[in-house]
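Asker: Next input, structure requested:
(4 chains)
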2 protein chains.
Amino acid sequence: MKELANTIHCKTCVYKNLLFGNLNAEDLYYINKSKREIEFKKGELISEEGAEIKSFLYLKKGLVKLFKKNPLFKDQIISIAKPRDFISLLSIFSQSTYKYSITALEDTVVCSVDLDALKTVISRNGEFAIEILNKMSKMYDDIIETRFEINRKHLRGRIAYILIYFSNHIYQSDDFDIPISRREIAELIEMTTENVIRILSEFRKDNIIKIDGKRIYLLEPERLENICKLG
Amino acid sequence: MKELANTIHCKTCVYKNLLFGNLNAEDLYYINKSKREIEFKKGELISEEGAEIKSFLYLKKGLVKLFKKNPLFKDQIISIAKPRDFISLLSIFSQSTYKYSITALEDTVVCSVDLDALKTVISRNGEFAIEILNKMSKMYDDIIETRFEINRKHLRGRIAYILIYFSNHIYQSDDFDIPISRREIAELIEMTTENVIRILSEFRKDNIIKIDGKRIYLLEPERLENICKLG
DNA sequence: CGCGGCTTTGATGTTCATCAAGTAAAGTGG
DNA sequence: CCACTTTACTTGATGAACATCAAAGCCGCG
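Answerer: Numbering: from 1, shown residues only, chains lettered A, B, ... in the order given. From the prediction side, this is the model:
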């Protein structure tokens, strides 16, 4: 973890329009004043379940996982966030502490805005508030939708789903280095590590995918789509 | 479905403090102007997946289920809402159409506020916006938390969970008429109808509960708690 | 009265987690 | 840099948990 120096002003940031596009100069100045950019190495903890939430975070670069720790069973990955995602948006308004942990899956840069500053701007700028409501609502809907979708699938369907997810949603390519371990795949789609491996091997034997360690090639994305759809 | 006439003004409503407690007279007047109270009989459809969202709804009386229809498989109940719950809060800001259907499980009275009126008040009253953010966030968190909790339990744990849920959360009593069918229980906690019945019978044989049709008596709530915790 | 939906129980088979055991890879300390 | 330990990955065998199928009783309703 390292705070970056000499960061540009929010008003010239390429990500400004993500959320701050309609703020007036004063509000933007106010936001910018409390803004920090922080770099995390792969594997580093960004925030911990139970810790106080002091800032609003969004991902400029890299990849992170949001997960709940579970000492009795195993961890439960809630979602993977990619650049432009608002990683602290869940529970930021309902709780004073994080309800989940966040760690970096790749080298990551996070932009951090002081939470009180954000709330001040929200409370004096209703349009902005509505925008936050929209973003938050979308994010939650997406997580709930995804959860239901994964749960009603059989294991082969889940693996197909997650491969397509990384291919389409994250990397926009039919081959990619999968950024999480087999165990983490299991934690994300609710099954055992052994079965993740088993089913990946099946797909490999059926020539649907090619595997080389972390590298995965989707040889027949259409068949994967089918397996995913049919459960 | 029947609209009620001669409803009281929001400012004297016992539920005012749920959400509108801090509004000034002008805003409250504005909200009240568009307010309607609507009665639904048991089984009636309150809103349908895909329909346009025109109003903000909350439950004054009765019980409703929020669910996603699924022609291929079976329906999926997302949650049960009780009086004082904001039943349209999910996806109201992210979507122009409902992402789920709502039907009344009991005779129900819903209070409806025009969505545009609500948005107007939000955008000119930032404090109110923050309050909506809080409520919405809590509601979503709760659903996600519940989903994870149910999913990691075995079937006996799920049945125990849902019995305790109705007992503590809805009826505040150790005996109650369960407001949903066996099939709906199955749709709520993701299992088959047959297994819902089977496990209820097991609990009955073990003298943990007593069953008389829809009426259920929790004879040993502590044992249920245990079964629920241990999965 | 008969039909359809809800409920119940039993028998059967499938899916999946668990256990076990071994190989490969990656970190760790001398 | 190499022995050592730990962590990740892999495969097979076994049994438990659960869905599915089948059949029958019950109840409300037209």
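Asker: who's in contact with the helix or strand harbouring A:S112?
Answerer: Here A:S112 sits within strand A:108-114, counting by DSSP states H and E. Strand A:108-114 has contacts (CB atoms under 8 Å, 6 or more residues apart in numbering or on different chains) with A:4, A:15, A:31, A:34-40, A:42, A:44, A:46, A:54-64, A:87. For every residue, glycine as well, the C-beta is placed using N, CA and C.
Asker: Mind checking which of the residues you listed are buried?
Answerer: The neighbour-count test (16 or more other CB atoms under 10 Å in any protein chain shown) applied to the contacts of strand A:108-114 identifies A:31, A:34-35, A:37-40, A:44, A:46, A:55-60, A:62-64, A:87 as buried.
Asker: Out of those, name the ones that lie in strands.
Answerer: Mapping these onto strands (DSSP state E) picks out A:E37, A:I38, A:E39, A:F40, A:I46, A:S55, A:F56, A:L57, A:Y58, A:L59, A:K60, A:V64.
Asker: Spatially, which two of these are the most separated?
Answerer: A:E39 and A:F56 (17.7 Å; CB to CB).
Asker: Look up how far DNA strand D lies from A:L63.
Answerer: As judged by CB to the nearest atom of the strand, to the nearest Å, A:L63 and DNA strand D stand 16 Å apart.
Asker: For that residue, list the residues it contacts.
Answerer: Residues in contact with A:L63, defined by CB under 8 Å, 6+ apart, are A:I80, A:A81, A:K82, A:A104, A:L105, A:E106, A:T108, A:I170, A:P179.
Asker: Does A:I216 touch A:I209 like I think?
Answerer: Yes - when contacts are counted by CB atoms under 8 Å, A:I216 is listed as touching A:I209 (5.9 Å).
Asker: what touches both of those two?
Answerer: A:L163.
Asker: Work out the gap between the strand holding A:S112 and the centre of the chain.
Answerer: Put simply, strand A:108-114 sits 14 Å off its chain's centre (CA atoms, centre = their mean, to the nearest Å).
Asker: Give the buried residues for the following helix or strand past that strand.
Answerer: The helix or strand immediately downstream of strand A:108-114 is helix A:115-124, counting by DSSP H and E. Buried positions in helix A:115-124, judged by neighbour count with 16+ other CB under 10 Å: A:L115, A:A117, A:L118, A:K119, A:T120, A:V121, A:I122, A:S123.
Asker: Check the residues you listed against chain B and report the nearest one.
Answerer: A:S123 (3.3 Å; CB to the nearest CB).
Asker: what sits against that closest one?
Answerer: Counting by CB under 8 Å, 6+ apart, A:S123 makes contact with A:A129, B:G126, B:E127, B:A129, B:I130.
Asker: Spatially central, which residue of chain A would that be?
Answerer: Closest residue to the average C-alpha location of chain A: A:A81 at 1.2 Å, with CA atoms, centre = their mean.
Asker: Now do the same for that one: its pLDDT.
Answerer: You'll see A:A81 listed with a pLDDT of 95.
Asker: now do the one 4 residues further on
Answerer: In the predicted model, A:D85 carries a pLDDT score of 92.
Asker: now it, nearest residue through space, not along the chain?
Answerer: Nearest residue to A:D85 in three dimensions, chain neighbours excluded: A:L59, at 5.2 Å (CB to CB, 6 or more residues apart in numbering or on different chains).
Asker: same deal with A:E187?
Answerer: Nearest non-adjacent residue to A:E187 (CB to CB, 6+ apart): A:I77, at 4.6 Å.
Asker: partner residues bridging that neighbour?
Answerer: Applying DSSP bridges to A:I77 gives these bridge partners: A:F67.
Asker: Show me chain A divided up by domain.
Answerer: Domain assignment of chain A by automatic domain parsing yields the ranges A:2-143, A:153-230.
Asker: Same list, those, but as CSV with distance to B:L19 please.
Answerer: Shown next, in CSV, are those (distance: least, CB to CB, whole Å):
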stretch, distance to B:L19
domain A:2-143, 14
domain A:153-230, 35
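Asker: Now the weakest link among those domains, please, by mean pLDDT.
Answerer: Among these, domain A:2-143 has the lowest mean pLDDT, at a mean of 89.
Asker: how about the strands of chain A, start to end?
Answerer: Using DSSP E, strands in chain A cover A:2-3, A:36-40, A:45-47, A:55-61, A:64-68, A:76-81, A:101-104, A:108-114, A:175-177, A:209-212, A:215-218.
Asker: Put together JSON lines for those, with distance to DNA strand C on each row.
Answerer: Converted to JSON lines, those look like this (distance: least, CB to the nearest atom of the strand, whole Å):
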{"stretch": "strand A:2-3", "distance to DNA strand C": "19"}
{"stretch": "strand A:36-40", "distance to DNA strand C": "16"}
{"stretch": "strand A:45-47", "distance to DNA strand C": "15"}
{"stretch": "strand A:55-61", "distance to DNA strand C": "21"}
{"stretch": "strand A:64-68", "distance to DNA strand C": "17"}
{"stretch": "strand A:76-81", "distance to DNA strand C": "13"}
{"stretch": "strand A:101-104", "distance to DNA strand C": "14"}
{"stretch": "strand A:108-114", "distance to DNA strand C": "17"}
{"stretch": "strand A:175-177", "distance to DNA strand C": "11"}
{"stretch": "strand A:209-212", "distance to DNA strand C": "10"}
{"stretch": "strand A:215-218", "distance to DNA strand C": "12"}
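Asker: nearest to A:S137, of those strands?
Answerer: Closest to A:S137 of the strands of chain A is strand A:76-81 (CB to CB; 15.2 Å).
Asker: show me the contacts for the closest residue to A:N32 other than its chain neighbours.
Answerer: The shortest distance from A:N32 to any non-neighbouring residue, by CB to CB, 6+ apart, is to A:C10 (4.2 Å). The contact partners of A:C10, taken as CB under 8 Å, 6+ apart, are A:K16, A:F20, A:L28, A:I31, A:N32, A:K35.
Asker: any idea how far DNA strand D is from A:Y165?
Answerer: Counting by CB to the nearest atom of the strand - A:Y165 and DNA strand D are separated by 17 Å.
Asker: That residue and B:I180: what is the separation?
Answerer: A:Y165 sits 33 Å away from B:I180, going by CB to CB, to the nearest Å.
Asker: can you check A:N32 too?
Answerer: From A:N32 to B:I180 the distance is 52 Å (CB to CB).
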